[in-house]
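**Student:** build the 3D model from these lines:
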Amino acid sequence: MNVNGQHYRTIWLKETDNRVVQIINQLTLPHSFEVLDLRTLEDIRRAIKDMYVRGAGLIGATAAYGMYLAVLEAGEGFQADLLRSAAILKDTRPTASNLAWAVDNMLAKLGAAKKTPDTIEAARLAAQAIADDDADYCRRIGLHGAEIIKAIAAKKNGEPVNILTHCNAGWLAFVDYGTALSPVYAAFDSGIKVHVWVDETRPRNQGASLTAWELGQHGVPHDLIPDNAGGHLMQHGMVDMVITGADRVTRCGDAANKIGTYLKAVAAKENWVPFYVALPSSTFDFAMRDGLAEIPIEERDAAEVRFISGKTSNGAIETVQICPDSTPARNWGFDVTPGRYIRGLISERGICAASEQGITGLYPEHAAQSPVQQAEAAEGYVKYTAEHTPGPAMKHPLIRTLTRIRIQLYDLGLIGALPNGVGFGNLSIRLRGNQFLISGTATGSKRELTPDDYCKVCSCDINGNRVESTGPIQASSESMSHSAIYRTCLDAFSVIHIHSKAIFEGMLRDNCLSTPKTAAYGTPEMARAIIAAVEQVGNTYETAHGSIVLAGHDEGVISWGVSIDEALAQVLELYNKYGNH
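**Tutor:** Purely as a prediction, here's the structure:
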């Protein structure tokens with residue numbers, strides 16, 4: 001992109017000495033434009049760690065050039081030196097997947113080679129190829145994303161398309177073009193009226209210092225806003241779309257990005273504003289499924305929160321403390337936005353849903369699962385991580401009522417056990433907040449339960465696939481489905497999970513509220529699918545009762561109500577309509 005009319009990439013080899021890597025020093029922007037020379041692996045490490053360069057794609061390209069310099073520095077123990085250099089680079093920034101991807105790519109290209117002039121040239125060409133691909137992929141992201149902006153513009157009657165972005169995912173974060181801003185530049189260059197709301201992005205203020213600077217260099221209309229203003233703008237119809245970059249995206253669509261992105265995604269969903277994430281394929285981590293549980297979140301120096309730098313009225317750049325001397329601070333650099341909040345992912349290959357099916361449809365070469373995942377899929381469930389604390393028999397005044405209703409359901413064949421002894425169906429009541437009392441695991445074969453057959457679910461981490469319970473018996477995997485109802489329907493008091501082929505098939509035939517077939521029993525995907533489906537109905541007192549058919553859990557149906565009797569009434573209504581014949 002252009003800086004004062006001259007084209008620059010964010011990283012390149014020095015024209016007069018290709019053993020020197022040159023970068024734009026992002027720590028001095030926007031007040032001073034400075035080019036730095038990096039001559040050693042240590043220079044590269046410091047540039048990444050201390051954020052002279054930042055942004056997922058640029059970190060990856062810088063690491064690739066770092067491996068090139070490592071080849072130049074390596075001694076007689078060439079392969080051992082390369083592996084040590086790779087470990088040093090990978091340790092600089094843990095969240096962005098592009099860094100490790102680039103380092104591993106360089107190692108694969110070098111193979112078991114020895115240090116020769118040909119090896120040095122191969123390393124240079126490999127690093128250059130990674131940088132070139134990053135720029136080209138971002139260019140293509142812009143073309144795909146511009147089509148979304150174009151479609152919105154067609155409905156605006158000549159008014160600008162208002163786009164909100166968070167942090168900096170423009171050309172400064174990549175080798176050129178950028179991800180989140182690439183569609184903006186492409187749309188702007190094609191004549192579409194656009195306007196960008198620029199989040200300041202505390203604590204390092206990359207939006208204020210970098211995004212605003214490069215938008216200004218390109219001539220794109222924009223306004224800087226406080227981080228917490230985005231929700232207000234969305235509420236008042238002042239945002240047409242949100243688009244951010246990402247530092248790592250799992251194969252199921254969960255996206256890690258600069259801290260604060262998740263809040264923008266939640267506000268966007270609440271206000272029906274489409275939320276997009278733009279990324280090159282190098283940002284996908286196809287080995288990860290659950291972003292909240294698996295993506296490492298970097299915690300940076302607290303000084304970034306406690307101090308802030310800026311230009312004074314006399315033109316000096318100074319750093320000042322903004323809190324009391326004794327106040328400590330915490331500084332998480334990233335958060336994770338679950339895929340359910342993301343309207344679409346924009347990559348160099350096109351636009352897809354933020355789901356495993358959508359992503360692997362665009363990248364079919366990554367569709368194959370690991371042997372363990374294949375076995376789990378064949379089994380039909382993924383066992384949760386149980387954190388169970390043994391305790392005495394449950395005491396609650398409604399346990400007798402629960403047991404009475406369960407006997408009725410058992411006698412109707414809606415709760416019970418298969419011939420092989422595997423139980424099905426359970427019921428629960430809310431206790432406090434999202435805690436609930438539920439019939440325990442492996443109780444399906446019993447017609448009448450005792451207080452020893454119930455447990456208390458203290459917490460349910462759906463994304464982490466973890467259930468914490470206490471009592472004389474452990475909670476079942478179905479607890480996550482119950483938790484999904486309680487956290488979505490705030491007035492729901494009781495949940496009943498039944499199995500009935502007739503009811504299951506009848507509800508599917510009548511297009512009743514349903515989860516997708518791809519969401520399997522016992523998985524976080526099932527719980528998230530329940531939340532997404534029920535949210536379509538809305539959270540009001542009138543919708544605090546209802547039923548949903550679990551299309552990916554053969555014969556499974558869940559009903560809920562504001563009381564135990566109302567939850568039972570929902571089940572009996574289904575039984576009388578579909579199953580009583």
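**Student:** contacts for stretch 319-327?
**Tutor:** V305, R306, F307, I308, S309, G310, A329 (Cβ atoms under 8 Å, 6 or more residues apart in numbering). Bear in mind the C-beta positions are built from the backbone N, C-alpha and C, glycine included.
**Student:** rerun that using 6 Å as the cut-off
**Tutor:** R306, F307, I308, S309 (Cβ atoms under 6 Å, 6 or more residues apart in numbering).
**Student:** what's near enough to touch the second one?
**Tutor:** Just to be clear, that refers to F307. Neighbours of F307 in contact, by Cβ under 6 Å, 6+ apart: T319, Q321.
**Student:** give me the pLDDT value at it.
**Tutor:** pLDDT, F307: 96.
**Student:** among the contacts of stretch 319-327, which one has the most neighbours?
**Tutor:** R306 (17 neighbours; other Cβ atoms under 10 Å).
**Student:** helices and strands around the one helix or strand A123 maps to, which ones?
**Tutor:** A123 is part of helix 117-153, with elements assigned from DSSP states H and E. Applying 3 or more Cβ pairs under 6 Å, 6 or more residues apart in numbering; DSSP states H and E, we find helix 117-153 packed against helix 56-73, helix 97-110, strand 161-165, helix 182-189, strand 344-347.
**Student:** quick one on the thing from earlier: okay, the contacts of stretch 319-327 in TSV with secondary structure next?
**Tutor:** Shown next, in TSV, are those (DSSP: H, G, I helix; E, B strand; the rest coil):
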residue	secondary structure
R306	helix
F307	strand
I308	strand
S309	strand
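**Student:** buried residues in the helix holding A123?
**Tutor:** 119-120, 122-124, 126-128, 130-131, 133-135, 137-146, 148-149, 152-153 (16 or more other Cβ atoms under 10 Å).
**Student:** re the thing from before, nearest to D461, of the contacts of stretch 319-327?
**Tutor:** Closest approach between the contacts of stretch 319-327 and D461, by Cβ to Cβ: R306, at 31.0 Å.
**Student:** so the closest one sits against R330, correct?
**Tutor:** No: assessed by Cβ atoms under 6 Å, R306 is found out of contact with R330, at 10.6 Å.
**Student:** what about the nearest residue to T250 once chain neighbours are set aside, which helix or strand?
**Tutor:** In space, and not counting its chain neighbours, T250 is closest to M288: 4.2 Å by Cβ to Cβ, 6 or more residues apart in numbering. Here M288 is covered by no helix or strand, with elements defined by DSSP H and E.
**Student:** so what does Y575 look like in phi/psi?
**Tutor:** phi -60, psi -40 (degrees, to the nearest 10).
**Student:** actually Y363, not the one I typed
**Tutor:** phi -130, psi 70.
**Student:** can you list the strands that the helix or strand where D223 lies pairs with?
**Tutor:** Using DSSP H and E, D223 sits within strand 222-225. According to DSSP bridges, strand 222-225 forms sheet pairs with strand 194-199 (parallel).
**Student:** next one: the strand it pairs with to chain centre, how far?
**Tutor:** In terms of Cα atoms, centre = their mean, to the nearest Å, the gap separating the centre of strand 194-199 from the centre of its chain is 23 Å.
**Student:** ok, and the closest non-adjacent residue to T443?
**Tutor:** Closest to T443 by Cβ to Cβ, 6+ apart is D453, at 4.8 Å.
**Student:** for the one you found, give its distance to G444.
**Tutor:** According to Cβ to Cβ, to the nearest Å, D453 and G444 sit 10 Å apart.
**Student:** higher neighbour count, those two?
**Tutor:** Remark: of D453 and G444, D453 carries more neighbours, 22 against 19, as counted by other Cβ under 10 Å.
**Student:** hang on, that one packs against A442?
**Tutor:** No: using Cβ under 6 Å, D453 is not in contact with A442; the gap is 9.3 Å.
**Student:** what part of the chain, helix or strand, is modelled with the least confidence?
**Tutor:** Lowest on mean pLDDT, DSSP states H and E among the helices and strands of the chain sits helix 371-379, with a mean of 39.
**Student:** quick check: the farthest pair among the contacts of stretch 319-327?
**Tutor:** Maximum distance among the contacts of stretch 319-327 (Cβ to Cβ): 11.9 Å, for R306 and S309.
**Student:** returning to that earlier point: got the contact list for the strand holding D223?
**Tutor:** V196, W197, V198, A208, A212, L215.
**Student:** how about the closest residue to the fourth one other than its chain neighbours, what does it touch?
**Tutor:** Setting aside the residues directly before and after it, A208 is nearest to E200 in space (Cβ to Cβ, 6+ apart), at 4.4 Å. Residues in contact with E200, defined by Cβ under 6 Å, 6+ apart, are G207, A208, P226, D227.
**Student:** compare the residues you listed and tell me which is most surrounded.
**Tutor:** G207 (27 neighbours).
**Student:** just the pLDDT for it.
**Tutor:** On the pLDDT scale, G207 gets 95.
**Student:** same thing with I152?
**Tutor:** pLDDT at I152 comes out at 95.
**Student:** okay, L89 and V571: tell me how far apart.
**Tutor:** From L89 over to V571 (counting by Cβ to Cβ), the distance is 58 Å.
**Student:** and if you look at P94?
**Tutor:** For P94 relative to V571 (Cβ to Cβ), the value is 48 Å.
**Student:** higher neighbour count, these two?
**Tutor:** V571 (28 against 18).
**Student:** surely the more buried one is within a helix?
**Tutor:** Yes: under three-state DSSP, V571 sits within a helix.
**Student:** ramachandran angles for the closest residue to it other than its chain neighbours?
**Tutor:** Leaving aside its sequence neighbours, V571 sits nearest to S559 (Cβ to Cβ, 6+ apart; 4.8 Å). Per-residue torsions, S559: phi -130, psi 160 (degrees, to the nearest 10).
**Student:** next one, pLDDT for S559 please.
**Tutor:** At S559, the pLDDT recorded in the model is 94.
**Student:** and it, how many neighbours?
**Tutor:** Neighbour tally, S559, other Cβ under 10 Å: 25.
**Student:** correct me if wrong: it contacts A569.
**Tutor:** No: counting by Cβ under 6 Å, S559 sits too far from A569 to count as a contact (8.6 Å).
**Student:** show me the shaky parts of this structure.
**Tutor:** Applying pLDDT under 70 to the chain flags residues 368-386, 419-422, 522, 537-543, 580-581.
**Student:** and the residue nearest to A208, how close does it get to D223?
**Tutor:** 11 Å.
**Student:** do the same with L69
**Tutor:** Taking Cβ to Cβ, one finds L69 at 41 Å from D223.
**Student:** more neighbours: which of these two?
**Tutor:** A side-by-side neighbour count of L69 and D223, using other Cβ under 10 Å, places L69 first with 23 against 13.
**Student:** so what's that one up against?
**Tutor:** Contacts of L69 by Cβ under 6 Å, 6+ apart are L41.
**Student:** and the next helix or strand past the strand holding D223?
**Tutor:** helix 230-235.
**Student:** ok so D335 is a helix residue?
**Tutor:** No: D335: not assigned to a helix; according to three-state DSSP it is strand.
**Student:** surely it touches Y262?
**Tutor:** Yes: between D335 and Y262 there is a contact under Cβ under 6 Å: 4.4 Å.
**Student:** on that earlier part again, so the residue nearest to V571 bridges to which residues?
**Tutor:** Beta-bridge partners, per DSSP bridges, of S559: I496, S547.
**Student:** check contacts around it.
**Tutor:** Contacts of S559 (Cβ under 6 Å, 6+ apart): I496, S547, A567, Q570, V571.
**Student:** for the second one, give me its contacts.
**Tutor:** It stands for S547. By Cβ under 6 Å, 6+ apart, the neighbours of S547 are S559, Q570, L574.
**Student:** pretty sure the last one sits against A502.
**Tutor:** No: using Cβ under 6 Å, L574 and A502 do not qualify as a contacting pair, with a distance of 9.3 Å.
**Student:** so those two - more neighbours on which side?
**Tutor:** Legend: neighbour count by other Cβ under 10 Å for L574 and A502, higher for L574 (24 against 16).
**Student:** find the nearest non-adjacent residue to that one, please.
**Tutor:** I503 (4.9 Å).
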